[in-house]
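J.: take a look and give me a structure for this.
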Amino acid sequence: MLAIRGLKKVYRDEGDEGTTALDGLSFDIEKGEFVAIMGPSGSGKSTLLHILGFLDRPTGGEYVFNGKKMDELSDEDLARVRNREMGFVFQDFNLLGHATVAENVELPLLYSTDIEPADRRTLVERAVKAVGLEEKMRVEAGNLSGGQKQRVAIARALVMDPSVVFADEPTGNLDSKSGGAVMEILRELNKEGHTVILVTHETYTAEFANRILHIKDGLLEKDEKVLKQRETFFK
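T.: Numbers count the residues shown, from 1 in each chain. This is a model prediction of the structure:
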């Protein structure tokens, strides 16, 4: 599903030699995997996630997503693939506080002109039900708890039925109970067939995945299969 070969990313300011964030990563991710990307601060894991999610372009190497070579796609093509085939969950939720749960979840659908309003309502209701927030549909997002906000963010990521869900430190702003609920939702989504790619610095969160990629100084330090997934967030 995702093929990475010699991926590099260098950030350059005018007049300097540049800072290397990724230094030649190579790996594959198959459809239906649950993969965690771990590494210390500054290791390049968030940069990698942004490239995998078509939010940034590499400065070298090759990235193929579902048969599409990133370097052959225009910015418009990237945006179209991002909207239709990818879902995103961020640490800080990225919700509109004065919009309702339903309005926040509906946002990705508004960029798809071929989806009728009646179909949008059905898709929103299905996504919100998947995260257990049916009773909050008309509540403004700003009035929700942190855990509920992250569940809304997951529903928004699901509403287009993407082939892959990217989660960037999704439990970073949550207490252990709320974080556990979020990780259980991501695991259930994976069991239902969604590919999940998670960035985290927390070992106990990463152990919900089937596989952990350890990144250090822009390099793949270890590709580890998880022999026994964490049963709950609290063990």
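J.: contact partners of stretch 108-123?
T.: Around stretch 108-123, the neighbours that count as contacts under CB atoms under 8 Å, 6 or more residues apart in numbering are 83, 84, 87, 106, 124, 156, 159, 160, 161. To be clear about C-beta, it is placed using only N, CA and C from the backbone, and glycine gets the same treatment.
J.: so how far is residue 36 from residue 202?
T.: For residue 202, the distance to residue 36 (CB to CB, to the nearest Å) stands at 9 Å.
J.: out of those two, which sits in the more crowded spot?
T.: More crowded of residue 202 and residue 36, by other CB atoms under 10 Å: residue 36, with 25 against 14.
J.: helix or strand for that one, which one?
T.: Secondary structure from DSSP states H and E places residue 36 in strand 34-38.
J.: what strands line up against that strand, and which way round?
T.: Take DSSP bridges as the rule and strand 34-38 pairs in its sheet with strand 195-199 (parallel), strand 211-216 (parallel).
J.: and the contacts of stretch 108-123, which of them are buried?
T.: Among the contacts of stretch 108-123, those classed as buried by 16 or more other CB atoms under 10 Å are 83, 87, 106, 124, 156, 159, 160.
J.: who touches residue 23 in this structure?
T.: 8, 44, 217, 218, 219.
J.: hmm, residue 22 and the fourth one touching each other?
T.: Yes: using CB atoms under 8 Å, residue 218 and residue 22 qualify as a contacting pair, with a distance of 4.6 Å.
J.: what do those two both touch?
T.: Contacts common to residue 218 and residue 22, judged by CB under 8 Å, 6+ apart, are 9, 44.
J.: can you pull the contacts of residue 26?
T.: Contacts of residue 26 (CB under 8 Å, 6+ apart): 4, 5, 6, 7, 61, 220.
J.: neighbour-wise, which one of the residues you listed leads?
T.: residue 7 (25 neighbours).
J.: next up, phi/psi of the residue most central in space within the chain, please.
T.: Central residue of the chain (CA atoms, centre = their mean): residue 166, 1.3 Å from the mean position. Backbone torsions of residue 166, given as degrees, to the nearest 10, read phi -100, psi 130.
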